[in-house]
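Engineer: how would this look folded up:
(chains A and B)
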Amino acid sequence: NAGVTQTPKFQVLKTGQSMTLQCAQDMNHNSMYWYRQDPGMGLRLIYYSASEGTTDKGEVPNGYNVSRLNKREFSLRLESAAPSQTSVYFCASSELGFYNSPLHFGNGTRLTVT
Amino acid sequence: QKEVEQNSGPLSVPEGAIASLNCTYSDRVSQSFFWYRQYSGKSPELIMSIYSNGDKEDGRFTAQLNKASQYVSLLIRDSQPSDSATYLCAVISGQGNLIFGKGTKLSVKP
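Structural biologist: Next comes the predicted model:
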């Protein structure tokens, strides 16, 4: 039982390049989330998917797009990377929604944009 | 803007002591409260959840909630060096958003 799996673990991009962060969960959870974590800023929600087929913006969605490919997979795409997107990105899932349903986090992707 | 505030620390306690971590929140209608532990370079993991006023104990951990004063705390008894980590307080706001505090770094000295 792997839980939440994120790929890649590390990535370096040049400004303007694009990439997709992959996330998959094997817990049959309904909801999935993408967070970024920056020093002094804490965890901030980028996008979430309350259920298969739906996605919604979080606190900091600008510069990102997401796809809920199926119940297991939720990807995050940077179309034109900027240095401000240098961060650690965490994917998470929960069985139900936010309420009474703890988040299970993946191991994170450390992204550097030069 | 709904906020969750934590002292960033570092909070340093000797091994075997009680570590007390505090968190305040601004949204009076918040109903669900969580503590996550995050080791350096790792992902957050849930260690406690609390929904009602009072204390909730789980092993060496006790979560305390006081909705009237809008604070939630985490006590770690018999602190061990392995408890050294950053502890994140998270609150579900009245609008249903999960808001994280910036975390308190705890260091337990042998």
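Engineer: Tell me, how many residues neighbour residue 109?
Structural biologist: You didn't pick a chain, so chain A it is. A:Thr109 is flanked by 23 other residues according to other C-beta atoms under 10 Å in any protein chain shown. For the C-beta atoms, the positions are set from N, CA and C on the backbone; glycine is no exception.
Engineer: my bad, chain B
Structural biologist: B:Lys109, neighbours per other C-beta under 10 Å, totals 11.
Engineer: for it, which residues make a bridge with it?
Structural biologist: On the basis of DSSP bridges, B:Lys109 is bridged to B:Pro14.
Engineer: wait, does the helix or strand of chain B at the bottom of the mean pLDDT ranking contact chain A?
Structural biologist: Using mean pLDDT, DSSP states H and E, strand B:98-100 stands out as the lowest-scoring helix or strand of chain B, at a mean of 90. Yes - residues of strand B:98-100 are located near chain A by C-beta under 8 Å from any C-beta of the partner chain, namely B:98, B:100.
Engineer: how far is that strand from where the chain is centred?
Structural biologist: Distance, stretch centre to chain centre, for strand B:98-100: 12 Å (C-alpha atoms, centre = their mean, to the nearest Å).
Engineer: Output the contacting helices and strands for it.
Structural biologist: strand A:42-49, strand B:85-92 (3 or more C-beta pairs under 8 Å, 6 or more residues apart in numbering or on different chains; DSSP states H and E).
Engineer: Direction included, what does the last one pair against?
Structural biologist: Just to be clear, that refers to strand B:85-92. Strand B:85-92 is paired, per DSSP bridges, with strand B:32-38 (antiparallel), strand B:98-100 (antiparallel), strand B:104-109 (antiparallel).
Engineer: where does chain A dip in pLDDT?
Structural biologist: Counting by pLDDT under 70, chain A contains low-confidence ranges at A:1, A:98-100.
Engineer: Spell out which residues of it are next to chain B.
Structural biologist: So far as C-beta under 8 Å from any C-beta goes, chain A lies against chain B at A:40-45, A:90, A:97-100, A:102-108.
Engineer: Show the buried residues in these.
Structural biologist: A:42-45, A:90, A:98, A:102-108 (16 or more other C-beta atoms under 10 Å in any protein chain shown).
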